[in-house]
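In: Would you be able to build a 3D model of this:
(chains A and B)
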There are 2 protein chains.
Amino acid sequence: VPLVAVQALSDLRTVAPGSRALETSQDRGTEKQFFVDLGLSTAPFRTISDLDELRDALGAVGAPAILKTRRFGYDGKGQVRIDHHHDAEPAWEAIGKVPAILEGRVDFDLEVSVIAARSFDGGVVCYDPGENVHQQGILRTTRVPARISPSLARRATGIAGQIADALNYVGVLGVELFVVNDELLVNEIAPRVHNSGHWTQNGCVVDQFEQHIRAILGRPLGDGRRYSDVIMTNLIGEQVEHLDESWSDPDTALHLYGKHPVLPDRKMGHLNRIVRRV
Amino acid sequence: VPLVAVQALSDLRTVAPGSRALETSQDRGTEKQFFVDLGLSTAPFRTISDLDELRDALGAVGAPAILKTRRFGYDGKGQVRIDHHHDAEPAWEAIGKVPAILEGRVDFDLEVSVIAARSFDGGVVCYDPGENVHQQGILRTTRVPARISPSLARRATGIAGQIADALNYVGVLGVELFVVNDELLVNEIAPRVHNSGHWTQNGCVVDQFEQHIRAILGRPLGDGRRYSDVIMTNLIGEQVEHLDESWSDPDTALHLYGKHPVLPDRKMGHLNRIVRRV
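Out: Next comes the predicted model:
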(Lines give C-alpha, C1' and ligand atoms only; values in the text may rest on other atoms or scores of the structure.)
Protein backbone atom coordinates (compact mmCIF):
# COMPACT_ATOMS: atom_id res chain seq x y z
CA VAL A 1 0.00 0.00 0.00
CA PRO A 2 1.49 3.35 -0.96
CA LEU A 3 1.66 5.18 2.36
CA VAL A 4 1.20 8.65 0.88
CA ALA A 5 -2.04 7.51 -0.77
CA VAL A 6 -3.39 6.27 2.57
CA GLN A 7 -2.35 9.50 4.28
CA ALA A 8 -4.02 11.61 1.58
CA LEU A 9 -7.14 9.45 1.70
CA SER A 10 -7.44 9.80 5.45
CA ASP A 11 -7.91 13.55 5.04
CA LEU A 12 -11.08 12.75 3.08
CA ARG A 13 -12.41 9.58 4.67
CA THR A 14 -12.01 7.47 7.77
CA VAL A 15 -9.28 4.90 7.05
CA ALA A 16 -8.96 1.89 9.31
CA PRO A 17 -6.38 0.68 10.12
CA GLY A 18 -4.79 4.13 9.84
CA SER A 19 -1.59 5.24 8.14
CA ARG A 20 0.34 5.13 11.43
CA ALA A 21 0.07 1.35 11.56
CA LEU A 22 1.19 0.96 7.95
CA GLU A 23 4.05 3.42 8.38
CA THR A 24 5.27 1.54 11.43
CA SER A 25 4.90 -2.01 10.21
CA GLN A 26 6.09 -1.72 6.62
CA ASP A 27 9.61 -0.75 7.68
CA ARG A 28 11.41 -3.14 10.02
CA GLY A 29 13.64 -0.35 11.32
CA THR A 30 10.76 1.98 12.19
CA GLU A 31 8.85 -0.96 13.66
CA LYS A 32 11.68 -2.04 15.99
CA GLN A 33 12.28 1.54 17.13
CA PHE A 34 8.55 1.86 17.84
CA PHE A 35 8.74 -1.18 20.16
CA VAL A 36 11.77 0.27 21.92
CA ASP A 37 10.06 3.64 22.34
CA LEU A 38 7.13 1.84 24.01
CA GLY A 39 9.56 0.31 26.50
CA LEU A 40 9.09 -3.19 25.05
CA SER A 41 11.92 -5.70 24.70
CA THR A 42 13.10 -6.91 21.31
CA ALA A 43 15.94 -8.99 19.92
CA PRO A 44 19.14 -6.91 19.70
CA PHE A 45 19.21 -5.05 16.38
CA ARG A 46 20.95 -2.31 14.39
CA THR A 47 19.74 -0.42 11.35
CA ILE A 48 22.10 -0.77 8.35
CA SER A 49 22.58 1.47 5.35
CA ASP A 50 26.00 0.34 4.08
CA LEU A 51 28.55 -2.46 4.38
CA ASP A 52 30.61 -0.64 7.01
CA GLU A 53 27.55 -0.28 9.22
CA LEU A 54 26.82 -3.97 8.73
CA ARG A 55 30.37 -4.89 9.86
CA ASP A 56 30.07 -2.65 12.92
CA ALA A 57 26.64 -4.06 13.70
CA LEU A 58 27.93 -7.65 13.50
CA GLY A 59 30.54 -6.68 16.05
CA ALA A 60 27.87 -5.28 18.37
CA VAL A 61 25.11 -7.86 17.88
CA GLY A 62 27.33 -10.88 17.31
CA ALA A 63 26.98 -13.84 14.96
CA PRO A 64 24.92 -15.75 14.05
CA ALA A 65 22.55 -12.93 13.12
CA ILE A 66 19.90 -12.27 10.48
CA LEU A 67 20.10 -9.48 7.93
CA LYS A 68 16.65 -8.35 6.82
CA THR A 69 15.62 -5.72 4.30
CA ARG A 70 13.71 -2.92 6.03
CA ARG A 71 10.88 -3.19 3.52
CA PHE A 72 8.99 -5.76 1.38
CA GLY A 73 9.77 -8.87 3.43
CA TYR A 74 7.33 -11.68 4.32
CA ASP A 75 7.42 -15.44 4.74
CA GLY A 76 11.21 -15.38 5.10
CA LYS A 77 11.76 -13.36 1.93
CA GLY A 78 14.34 -10.54 2.00
CA GLN A 79 16.28 -12.25 4.77
CA VAL A 80 19.69 -13.86 4.97
CA ARG A 81 21.39 -15.51 7.89
CA ILE A 82 24.98 -14.52 8.70
CA ASP A 83 26.94 -17.19 10.56
CA HIS A 84 30.40 -15.59 10.50
CA HIS A 85 31.75 -12.05 10.44
CA HIS A 86 33.48 -12.65 7.11
CA ASP A 87 30.06 -13.37 5.52
CA ALA A 88 29.05 -9.72 5.83
CA GLU A 89 29.83 -8.79 2.23
CA PRO A 90 28.03 -11.71 0.47
CA ALA A 91 25.05 -11.17 2.75
CA TRP A 92 24.97 -7.47 1.88
CA GLU A 93 25.07 -8.44 -1.82
CA ALA A 94 22.41 -11.09 -1.31
CA ILE A 95 19.80 -8.66 -0.05
CA GLY A 96 20.60 -6.23 -2.86
CA LYS A 97 22.44 -3.58 -0.78
CA VAL A 98 19.18 -1.99 0.35
CA PRO A 99 18.42 -0.41 3.74
CA ALA A 100 18.27 -3.23 6.25
CA ILE A 101 18.39 -4.23 9.87
CA LEU A 102 20.69 -6.75 11.49
CA GLU A 103 18.96 -8.77 14.15
CA GLY A 104 20.80 -10.82 16.74
CA ARG A 105 19.71 -14.45 16.81
CA VAL A 106 17.41 -15.18 19.75
CA ASP A 107 17.57 -18.63 21.29
CA PHE A 108 13.88 -18.60 22.17
CA ASP A 109 11.89 -21.27 23.97
CA LEU A 110 8.88 -20.73 21.77
CA GLU A 111 7.17 -18.25 19.51
CA VAL A 112 3.71 -16.98 20.33
CA SER A 113 1.37 -14.53 18.68
CA VAL A 114 -1.58 -12.53 19.87
CA ILE A 115 -4.44 -11.55 17.57
CA ALA A 116 -5.95 -8.35 18.93
CA ALA A 117 -8.92 -6.33 17.72
CA ARG A 118 -9.41 -2.68 18.60
CA SER A 119 -12.53 -0.61 17.97
CA PHE A 120 -12.92 3.10 17.22
CA ASP A 121 -13.88 3.73 20.83
CA GLY A 122 -10.63 2.17 22.03
CA GLY A 123 -12.01 -1.16 23.20
CA VAL A 124 -9.64 -4.11 22.73
CA VAL A 125 -10.50 -7.80 22.46
CA CYS A 126 -7.61 -10.29 22.30
CA TYR A 127 -7.85 -13.90 21.29
CA ASP A 128 -5.86 -16.34 23.40
CA PRO A 129 -2.15 -16.42 22.44
CA GLY A 130 -1.24 -19.07 19.91
CA GLU A 131 2.03 -21.00 19.85
CA ASN A 132 3.67 -20.92 16.43
CA VAL A 133 6.15 -23.14 14.66
CA HIS A 134 7.95 -21.66 11.65
CA GLN A 135 10.15 -23.56 9.19
CA GLN A 136 12.21 -21.79 6.53
CA GLY A 137 10.53 -18.56 7.61
CA ILE A 138 7.02 -19.88 6.92
CA LEU A 139 4.41 -20.55 9.58
CA ARG A 140 3.68 -24.27 9.76
CA THR A 141 1.44 -24.70 12.80
CA THR A 142 -0.31 -22.65 15.46
CA ARG A 143 -1.65 -24.32 18.58
CA VAL A 144 -3.93 -22.83 21.18
CA PRO A 145 -3.60 -22.56 24.03
CA ALA A 146 0.12 -21.77 23.84
CA ARG A 147 2.13 -23.73 26.39
CA ILE A 148 2.93 -20.69 28.53
CA SER A 149 1.85 -19.71 32.03
CA PRO A 150 -1.40 -17.76 32.50
CA SER A 151 0.58 -14.75 33.71
CA LEU A 152 2.80 -14.77 30.62
CA ALA A 153 -0.31 -15.10 28.43
CA ARG A 154 -1.81 -12.05 30.16
CA ARG A 155 1.42 -10.11 29.61
CA ALA A 156 1.39 -11.07 25.93
CA THR A 157 -2.19 -9.83 25.44
CA GLY A 158 -1.30 -6.74 27.48
CA ILE A 159 1.56 -5.96 25.08
CA ALA A 160 -0.75 -6.42 22.09
CA GLY A 161 -3.24 -4.00 23.62
CA GLN A 162 -0.47 -1.50 24.39
CA ILE A 163 0.73 -1.63 20.77
CA ALA A 164 -2.82 -1.27 19.40
CA ASP A 165 -3.43 1.73 21.67
CA ALA A 166 -0.13 3.39 20.74
CA LEU A 167 -0.99 3.09 17.03
CA ASN A 168 -4.56 4.26 17.68
CA TYR A 169 -5.26 1.09 15.74
CA VAL A 170 -8.71 0.08 14.47
CA GLY A 171 -9.17 -3.46 13.17
CA VAL A 172 -7.42 -6.77 13.73
CA LEU A 173 -3.69 -6.80 14.44
CA GLY A 174 -1.27 -9.70 14.80
CA VAL A 175 1.65 -9.40 17.24
CA GLU A 176 4.45 -11.97 17.16
CA LEU A 177 6.58 -12.49 20.25
CA PHE A 178 9.46 -14.69 21.34
CA VAL A 179 9.37 -16.35 24.75
CA VAL A 180 12.83 -16.50 26.33
CA ASN A 181 12.79 -17.91 29.84
CA ASP A 182 10.00 -15.89 31.38
CA GLU A 183 10.51 -12.85 29.13
CA LEU A 184 8.66 -11.69 26.05
CA LEU A 185 10.51 -10.10 23.13
CA VAL A 186 8.33 -8.44 20.49
CA ASN A 187 9.30 -9.68 17.03
CA GLU A 188 6.95 -7.99 14.62
CA ILE A 189 3.40 -6.83 14.03
CA ALA A 190 1.05 -7.45 11.12
CA PRO A 191 -1.62 -4.75 10.64
CA ARG A 192 -4.27 -7.22 9.46
CA VAL A 193 -5.80 -10.61 10.06
CA HIS A 194 -2.96 -13.04 10.47
CA ASN A 195 -2.22 -16.63 9.52
CA SER A 196 -1.63 -17.47 13.19
CA GLY A 197 -5.24 -16.40 13.88
CA HIS A 198 -6.87 -18.83 11.44
CA TRP A 199 -7.61 -21.20 14.34
CA THR A 200 -10.34 -18.76 15.44
CA GLN A 201 -12.51 -20.03 12.55
CA ASN A 202 -13.06 -23.22 14.53
CA GLY A 203 -12.31 -22.03 18.04
CA CYS A 204 -14.41 -18.91 18.58
CA VAL A 205 -17.93 -17.74 17.78
CA VAL A 206 -16.65 -14.66 16.00
CA ASP A 207 -13.46 -15.37 14.05
CA GLN A 208 -10.69 -12.87 13.26
CA PHE A 209 -12.15 -12.10 9.82
CA GLU A 210 -15.58 -11.09 11.10
CA GLN A 211 -13.90 -9.35 14.04
CA HIS A 212 -11.93 -7.15 11.67
CA ILE A 213 -15.07 -6.22 9.73
CA ARG A 214 -16.94 -5.47 12.95
CA ALA A 215 -14.08 -3.22 14.12
CA ILE A 216 -13.66 -1.17 10.95
CA LEU A 217 -17.44 -0.77 10.55
CA GLY A 218 -17.72 0.54 14.10
CA ARG A 219 -19.82 -2.44 15.22
CA PRO A 220 -19.51 -3.93 18.70
CA LEU A 221 -16.58 -6.37 18.79
CA GLY A 222 -17.52 -10.05 18.87
CA ASP A 223 -16.93 -12.62 21.55
CA GLY A 224 -13.29 -13.72 21.26
CA ARG A 225 -13.33 -16.41 23.92
CA ARG A 226 -11.88 -19.74 22.88
CA TYR A 227 -14.27 -22.70 23.12
CA SER A 228 -11.82 -25.31 21.82
CA ASP A 229 -8.16 -26.22 21.92
CA VAL A 230 -7.09 -26.11 18.28
CA ILE A 231 -4.04 -27.02 16.22
CA MET A 232 -3.92 -25.11 12.94
CA THR A 233 -1.67 -26.65 10.28
CA ASN A 234 -0.89 -24.79 7.10
CA LEU A 235 -1.11 -26.65 3.81
CA ILE A 236 1.92 -25.41 1.95
CA GLY A 237 2.50 -26.18 -1.71
CA GLU A 238 1.90 -29.83 -2.58
CA GLN A 239 0.71 -30.66 0.93
CA VAL A 240 -2.71 -29.61 -0.30
CA GLU A 241 -2.65 -32.54 -2.70
CA HIS A 242 -1.87 -35.09 0.02
CA LEU A 243 -4.65 -34.80 2.56
CA ASP A 244 -5.11 -38.54 3.04
CA GLU A 245 -4.12 -38.78 6.68
CA SER A 246 -4.42 -35.25 7.94
CA TRP A 247 -8.01 -34.74 6.84
CA SER A 248 -9.36 -38.14 7.92
CA ASP A 249 -9.81 -37.03 11.50
CA PRO A 250 -13.52 -36.30 12.11
CA ASP A 251 -12.49 -33.38 14.35
CA THR A 252 -10.54 -31.57 11.65
CA ALA A 253 -12.01 -28.79 9.52
CA LEU A 254 -10.46 -28.02 6.13
CA HIS A 255 -10.11 -24.53 4.71
CA LEU A 256 -8.92 -24.12 1.12
CA TYR A 257 -8.08 -20.78 -0.48
CA GLY A 258 -8.80 -21.69 -4.10
CA LYS A 259 -5.37 -20.47 -5.22
CA HIS A 260 -3.88 -21.55 -8.52
CA PRO A 261 -1.31 -22.72 -9.32
CA VAL A 262 0.16 -24.83 -6.53
CA LEU A 263 3.68 -23.46 -5.89
CA PRO A 264 6.27 -24.96 -3.52
CA ASP A 265 6.09 -22.31 -0.77
CA ARG A 266 2.57 -21.08 -1.42
CA LYS A 267 0.01 -21.25 1.38
CA MET A 268 -2.84 -23.20 -0.23
CA GLY A 269 -5.09 -23.77 2.79
CA HIS A 270 -5.06 -24.94 6.37
CA LEU A 271 -6.51 -27.56 8.68
CA ASN A 272 -8.00 -26.77 12.09
CA ARG A 273 -7.90 -29.81 14.33
CA ILE A 274 -10.08 -29.60 17.43
CA VAL A 275 -8.06 -31.25 20.17
CA ARG A 276 -10.49 -30.67 23.01
CA ARG A 277 -13.64 -28.70 23.77
CA VAL A 278 -13.02 -26.21 26.55
CA VAL B 1 -30.38 -30.83 -13.19
CA PRO B 2 -31.49 -32.81 -16.26
CA LEU B 3 -32.10 -36.26 -14.85
CA VAL B 4 -31.21 -38.12 -18.06
CA ALA B 5 -27.80 -36.41 -18.10
CA VAL B 6 -27.12 -37.55 -14.54
CA GLN B 7 -28.24 -41.08 -15.38
CA ALA B 8 -26.02 -41.19 -18.47
CA LEU B 9 -23.09 -39.73 -16.56
CA SER B 10 -23.41 -42.30 -13.81
CA ASP B 11 -22.65 -45.05 -16.34
CA LEU B 12 -19.27 -43.41 -16.87
CA ARG B 13 -18.39 -41.95 -13.49
CA THR B 14 -19.42 -42.17 -9.86
CA VAL B 15 -22.13 -39.54 -9.31
CA ALA B 16 -22.98 -38.51 -5.75
CA PRO B 17 -25.73 -37.89 -4.82
CA GLY B 18 -27.03 -40.37 -7.41
CA SER B 19 -29.87 -40.06 -9.91
CA ARG B 20 -32.30 -41.88 -7.60
CA ALA B 21 -32.27 -38.96 -5.15
CA LEU B 22 -32.81 -36.41 -7.91
CA GLU B 23 -35.57 -38.46 -9.52
CA THR B 24 -37.36 -38.76 -6.21
CA SER B 25 -37.00 -35.21 -4.93
CA GLN B 26 -37.57 -33.21 -8.08
CA ASP B 27 -41.15 -34.43 -8.42
CA ARG B 28 -43.44 -33.85 -5.44
CA GLY B 29 -45.67 -36.72 -6.48
CA THR B 30 -42.86 -39.25 -6.77
CA GLU B 31 -41.40 -37.94 -3.52
CA LYS B 32 -44.61 -38.35 -1.52
CA GLN B 33 -45.17 -41.84 -2.89
CA PHE B 34 -41.60 -42.73 -1.96
CA PHE B 35 -42.32 -41.73 1.66
CA VAL B 36 -45.52 -43.78 1.66
CA ASP B 37 -43.70 -46.81 0.21
CA LEU B 38 -41.20 -46.54 3.08
CA GLY B 39 -44.07 -46.71 5.56
CA LEU B 40 -43.57 -43.07 6.63
CA SER B 41 -46.46 -40.74 7.44
CA THR B 42 -47.14 -37.65 5.34
CA ALA B 43 -49.84 -35.01 5.09
CA PRO B 44 -52.85 -36.33 3.13
CA PHE B 45 -52.26 -35.80 -0.60
CA ARG B 46 -53.50 -36.65 -4.09
CA THR B 47 -51.71 -36.36 -7.41
CA ILE B 48 -53.56 -34.15 -9.89
CA SER B 49 -53.44 -34.05 -13.67
CA ASP B 50 -56.66 -32.20 -14.52
CA LEU B 51 -59.38 -30.04 -13.01
CA ASP B 52 -61.72 -32.97 -12.39
CA GLU B 53 -59.04 -34.77 -10.41
CA LEU B 54 -58.46 -31.58 -8.43
CA ARG B 55 -62.18 -31.35 -7.57
CA ASP B 56 -62.25 -35.00 -6.51
CA ALA B 57 -59.10 -34.55 -4.48
CA LEU B 58 -60.54 -31.52 -2.69
CA GLY B 59 -63.47 -33.69 -1.70
CA ALA B 60 -61.13 -36.37 -0.32
CA VAL B 61 -58.47 -34.18 1.29
CA GLY B 62 -60.73 -31.30 2.34
CA ALA B 63 -60.16 -27.55 2.37
CA PRO B 64 -58.10 -25.61 3.15
CA ALA B 65 -55.46 -27.38 1.10
CA ILE B 66 -52.37 -26.45 -0.91
CA LEU B 67 -52.00 -27.09 -4.61
CA LYS B 68 -48.34 -27.50 -5.60
CA THR B 69 -46.78 -28.10 -8.99
CA ARG B 70 -45.05 -31.47 -9.04
CA ARG B 71 -41.85 -29.91 -10.37
CA PHE B 72 -39.80 -26.68 -10.15
CA GLY B 73 -41.03 -25.42 -6.78
CA TYR B 74 -38.93 -23.86 -4.02
CA ASP B 75 -39.32 -21.13 -1.41
CA GLY B 76 -43.10 -21.18 -1.79
CA LYS B 77 -43.01 -20.84 -5.56
CA GLY B 78 -45.42 -22.97 -7.64
CA GLN B 79 -47.88 -23.19 -4.76
CA VAL B 80 -51.36 -21.84 -4.20
CA ARG B 81 -53.61 -22.22 -1.20
CA ILE B 82 -57.20 -23.32 -1.75
CA ASP B 83 -59.57 -22.23 0.98
CA HIS B 84 -62.89 -23.27 -0.56
CA HIS B 85 -64.03 -25.97 -2.96
CA HIS B 86 -65.24 -23.36 -5.47
CA ASP B 87 -61.66 -22.01 -5.72
CA ALA B 88 -60.51 -25.15 -7.56
CA GLU B 89 -60.66 -23.65 -11.05
CA PRO B 90 -58.78 -20.36 -10.35
CA ALA B 91 -56.14 -22.35 -8.42
CA TRP B 92 -55.71 -24.75 -11.32
CA GLU B 93 -55.30 -21.74 -13.63
CA ALA B 94 -52.88 -20.07 -11.18
CA ILE B 95 -50.37 -22.91 -11.25
CA GLY B 96 -50.57 -23.07 -15.05
CA LYS B 97 -52.59 -26.34 -15.34
CA VAL B 98 -49.46 -28.47 -14.91
CA PRO B 99 -49.17 -31.81 -13.11
CA ALA B 100 -49.60 -31.11 -9.42
CA ILE B 101 -50.34 -32.52 -6.02
CA LEU B 102 -53.00 -31.39 -3.61
CA GLU B 103 -51.85 -31.48 -0.03
CA GLY B 104 -54.21 -31.32 2.93
CA ARG B 105 -53.34 -28.56 5.36
CA VAL B 106 -51.62 -29.91 8.45
CA ASP B 107 -52.20 -28.10 11.71
CA PHE B 108 -48.70 -28.87 12.96
CA ASP B 109 -47.19 -27.95 16.32
CA LEU B 110 -43.84 -27.19 14.77
CA GLU B 111 -41.65 -27.86 11.77
CA VAL B 112 -38.30 -29.57 12.21
CA SER B 113 -35.60 -30.64 9.82
CA VAL B 114 -32.77 -33.11 9.99
CA ILE B 115 -29.54 -32.64 8.08
CA ALA B 116 -28.07 -36.08 7.45
CA ALA B 117 -24.84 -37.10 5.77
CA ARG B 118 -24.31 -40.55 4.31
CA SER B 119 -21.02 -41.97 3.08
CA PHE B 120 -20.27 -44.49 0.30
CA ASP B 121 -19.87 -47.23 2.89
CA GLY B 122 -23.38 -46.55 4.25
CA GLY B 123 -22.38 -44.68 7.41
CA VAL B 124 -24.81 -41.95 8.44
CA VAL B 125 -24.13 -38.90 10.62
CA CYS B 126 -27.09 -36.69 11.52
CA TYR B 127 -26.91 -33.20 12.96
CA ASP B 128 -29.35 -32.46 15.77
CA PRO B 129 -32.84 -31.61 14.46
CA GLY B 130 -33.49 -27.91 13.95
CA GLU B 131 -36.81 -26.18 14.55
CA ASN B 132 -37.87 -24.08 11.58
CA VAL B 133 -40.16 -21.10 11.14
CA HIS B 134 -41.35 -20.37 7.61
CA GLN B 135 -43.24 -17.26 6.49
CA GLN B 136 -44.73 -16.94 3.01
CA GLY B 137 -43.06 -20.23 2.16
CA ILE B 138 -39.58 -18.95 3.00
CA LEU B 139 -37.47 -20.18 5.89
CA ARG B 140 -36.98 -17.37 8.42
CA THR B 141 -35.30 -19.00 11.42
CA THR B 142 -33.89 -22.32 12.52
CA ARG B 143 -33.17 -22.96 16.18
CA VAL B 144 -31.25 -25.85 17.65
CA PRO B 145 -32.04 -27.78 19.66
CA ALA B 146 -35.61 -28.10 18.42
CA ARG B 147 -38.12 -27.99 21.27
CA ILE B 148 -39.06 -31.66 20.96
CA SER B 149 -38.50 -34.63 23.26
CA PRO B 150 -35.26 -36.61 22.98
CA SER B 151 -37.23 -39.64 21.78
CA LEU B 152 -38.93 -37.62 19.03
CA ALA B 153 -35.53 -36.21 18.03
CA ARG B 154 -34.18 -39.74 17.75
CA ARG B 155 -37.16 -40.78 15.63
CA ALA B 156 -36.58 -37.78 13.36
CA THR B 157 -32.91 -38.65 12.80
CA GLY B 158 -33.94 -42.30 12.37
CA ILE B 159 -36.33 -41.32 9.57
CA ALA B 160 -33.60 -39.25 7.89
CA GLY B 161 -31.26 -42.23 8.02
CA GLN B 162 -33.96 -44.53 6.65
CA ILE B 163 -34.56 -42.17 3.72
CA ALA B 164 -30.85 -41.81 3.01
CA ASP B 165 -30.42 -45.59 3.05
CA ALA B 166 -33.43 -46.16 0.78
CA LEU B 167 -32.01 -43.73 -1.78
CA ASN B 168 -28.52 -45.22 -1.40
CA TYR B 169 -27.70 -41.58 -0.89
CA VAL B 170 -24.15 -40.19 -0.71
CA GLY B 171 -23.69 -36.63 0.53
CA VAL B 172 -25.70 -34.26 2.69
CA LEU B 173 -29.48 -34.46 2.63
CA GLY B 174 -32.11 -32.25 4.30
CA VAL B 175 -35.34 -33.82 5.53
CA GLU B 176 -38.25 -31.58 6.58
CA LEU B 177 -40.86 -32.92 8.95
CA PHE B 178 -44.01 -31.70 10.68
CA VAL B 179 -44.55 -32.46 14.35
CA VAL B 180 -48.23 -33.12 15.10
CA ASN B 181 -48.85 -34.13 18.69
CA ASP B 182 -46.23 -36.81 19.12
CA GLU B 183 -46.20 -37.83 15.46
CA LEU B 184 -43.80 -36.99 12.64
CA LEU B 185 -45.05 -36.35 9.12
CA VAL B 186 -42.39 -36.19 6.41
CA ASN B 187 -42.88 -33.06 4.30
CA GLU B 188 -40.06 -33.06 1.77
CA ILE B 189 -36.41 -33.81 1.19
CA ALA B 190 -33.66 -31.67 -0.30
CA PRO B 191 -30.81 -33.67 -1.90
CA ARG B 192 -28.14 -31.14 -0.89
CA VAL B 193 -26.93 -28.89 1.89
CA HIS B 194 -29.94 -27.05 3.22
CA ASN B 195 -30.73 -23.59 4.55
CA SER B 196 -31.94 -25.13 7.81
CA GLY B 197 -28.43 -26.58 8.30
CA HIS B 198 -26.57 -23.27 8.13
CA TRP B 199 -26.42 -23.19 11.96
CA THR B 200 -23.78 -25.95 11.76
CA GLN B 201 -21.25 -23.30 10.64
CA ASN B 202 -21.19 -22.00 14.21
CA GLY B 203 -22.44 -25.02 16.10
CA CYS B 204 -20.28 -27.95 14.96
CA VAL B 205 -16.63 -28.60 14.20
CA VAL B 206 -17.43 -29.86 10.73
CA ASP B 207 -20.31 -27.96 9.13
CA GLN B 208 -22.77 -29.29 6.54
CA PHE B 209 -20.72 -27.91 3.64
CA GLU B 210 -17.49 -29.68 4.60
CA GLN B 211 -19.53 -32.75 5.55
CA HIS B 212 -20.96 -32.95 2.04
CA ILE B 213 -17.51 -32.66 0.49
CA ARG B 214 -16.14 -35.32 2.84
CA ALA B 215 -19.01 -37.65 1.91
CA ILE B 216 -18.80 -37.33 -1.87
CA LEU B 217 -14.99 -37.61 -1.80
CA GLY B 218 -15.23 -40.83 0.21
CA ARG B 219 -13.50 -39.27 3.23
CA PRO B 220 -14.45 -40.18 6.80
CA LEU B 221 -17.48 -38.14 7.87
CA GLY B 222 -16.77 -35.32 10.31
CA ASP B 223 -17.93 -34.88 13.88
CA GLY B 224 -21.52 -33.62 13.70
CA ARG B 225 -22.07 -33.11 17.42
CA ARG B 226 -23.52 -29.76 18.40
CA TYR B 227 -21.38 -27.69 20.77
CA SER B 228 -23.73 -24.69 20.94
CA ASP B 229 -27.40 -23.83 20.98
CA VAL B 230 -27.85 -21.66 17.90
CA ILE B 231 -30.59 -19.53 16.35
CA MET B 232 -30.06 -19.03 12.63
CA THR B 233 -31.95 -16.08 11.15
CA ASN B 234 -32.11 -15.58 7.39
CA LEU B 235 -31.45 -12.13 6.01
CA ILE B 236 -34.08 -11.83 3.30
CA GLY B 237 -34.11 -8.95 0.84
CA GLU B 238 -33.57 -5.58 2.48
CA GLN B 239 -33.01 -7.11 5.92
CA VAL B 240 -29.38 -7.39 4.86
CA GLU B 241 -29.22 -3.59 4.78
CA HIS B 242 -30.57 -3.18 8.32
CA LEU B 243 -28.21 -5.08 10.57
CA ASP B 244 -28.04 -2.45 13.30
CA GLU B 245 -29.61 -4.41 16.13
CA SER B 246 -29.32 -7.99 15.00
CA TRP B 247 -25.56 -7.91 14.40
CA SER B 248 -24.58 -5.96 17.51
CA ASP B 249 -24.67 -9.03 19.71
CA PRO B 250 -21.07 -10.20 20.33
CA ASP B 251 -22.29 -13.80 20.14
CA THR B 252 -23.68 -13.48 16.62
CA ALA B 253 -21.74 -14.47 13.52
CA LEU B 254 -22.67 -12.94 10.17
CA HIS B 255 -22.61 -14.84 6.88
CA LEU B 256 -23.19 -12.92 3.65
CA TYR B 257 -23.59 -14.55 0.24
CA GLY B 258 -22.35 -11.68 -1.91
CA LYS B 259 -25.46 -11.79 -4.07
CA HIS B 260 -26.45 -8.84 -6.22
CA PRO B 261 -28.92 -7.27 -6.56
CA VAL B 262 -30.94 -7.23 -3.34
CA LEU B 263 -34.43 -8.50 -4.26
CA PRO B 264 -37.45 -8.63 -1.92
CA ASP B 265 -37.56 -12.41 -1.36
CA ARG B 266 -33.92 -13.17 -2.04
CA LYS B 267 -31.85 -14.88 0.65
CA MET B 268 -28.91 -12.50 1.06
CA GLY B 269 -27.20 -14.01 4.10
CA HIS B 270 -27.86 -15.24 7.61
CA LEU B 271 -26.95 -14.65 11.23
CA ASN B 272 -25.99 -17.43 13.64
CA ARG B 273 -26.62 -16.36 17.20
CA ILE B 274 -24.97 -18.52 19.85
CA VAL B 275 -27.48 -18.79 22.65
CA ARG B 276 -25.51 -21.10 24.91
CA ARG B 277 -22.42 -23.30 24.81
CA VAL B 278 -23.34 -26.93 25.38
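In: Tell me which residue of the stretch 51-200 of chain A lies closest to chain B.
Out: Per C-beta to the nearest C-beta, A:Val125 is where the stretch 51-200 of chain A lies closest to chain B, at 8.5 Å. Using the backbone N, CA and C atoms, a C-beta is placed for each residue, glycine as well.
In: Test my guess that that residue contacts A:Gln211.
Out: Yes. Here A:Val125 reaches A:Gln211: they are 7.1 Å apart, a contact under C-beta atoms under 8 Å.
In: and for these two, which residues touch both?
Out: A:117, A:221-222, A:224 (C-beta atoms under 8 Å, 6 or more residues apart in numbering or on different chains).
In: Let me have those residues in JSON lines, extended by secondary structure and neighbour count.
Out: Converted to JSON lines, the shared contacts of A:Val125 and A:Gln211 look like this (DSSP: H, G, I helix; E, B strand; the rest coil; neighbours: other C-beta atoms under 10 Å in any protein chain shown):
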{"residue": "A:Ala117", "secondary structure": "strand", "neighbour count": "29"}
{"residue": "A:Leu221", "secondary structure": "coil", "neighbour count": "19"}
{"residue": "A:Gly222", "secondary structure": "coil", "neighbour count": "26"}
{"residue": "A:Gly224", "secondary structure": "coil", "neighbour count": "22"}
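In: just these that are near chain B?
Out: Near chain B, judged by C-beta under 8 Å from any C-beta of the partner chain, the entries from the shared contacts of A:Val125 and A:Gln211 are A:221-222.
In: out of the shared contacts of A:Val125 and A:Gln211, who's nearest chain B?
Out: Nearest member of these to chain B, counting by C-beta to the nearest C-beta, is A:Gly222, at 4.9 Å.
In: Nearest spatial neighbour of A:Val61, chain-adjacent residues omitted?
Out: The shortest distance from A:Val61 to any non-neighbouring residue, by C-beta to C-beta, 6 or more residues apart in numbering or on different chains, is to A:Gly104 (4.1 Å).
In: need the residues of the stretch 151-278 of chain A near chain B, please.
Out: So the stretch 151-278 of chain A meets chain B at A:202, A:205-207, A:210, A:213, A:219-223, A:227-228, A:247-254, A:274, A:277 (C-beta under 8 Å from any C-beta).
In: Any quick ChimeraX command for the buried ones out of those residues?
Out: To isolate the buried members of these in ChimeraX, using 16 or more other C-beta atoms under 10 Å in any protein chain shown:
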select /A:202,205,206,207,210,213,219,220,221,222,223,227,228,247,249,250,251,252,253,254,274
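In: from the residues of the stretch 151-278 of chain A next to chain B, which ones fall inside strands?
Out: Under the assignment DSSP state E, those contribute A:228, A:252-254, A:274, A:277 to strands.
In: Mind picking the two most distant members of these?
Out: A:Leu254 and A:Arg277 (19.2 Å; C-beta to C-beta).
In: Tabulate the ones in strands among the residues of the stretch 151-278 of chain A next to chain B (TSV), appending pLDDT.
Out: Formatted as TSV, those follow (pLDDT from 0 to 100):
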residue	pLDDT
A:Ser228	94
A:Thr252	96
A:Ala253	96
A:Leu254	96
A:Ile274	94
A:Arg277	86
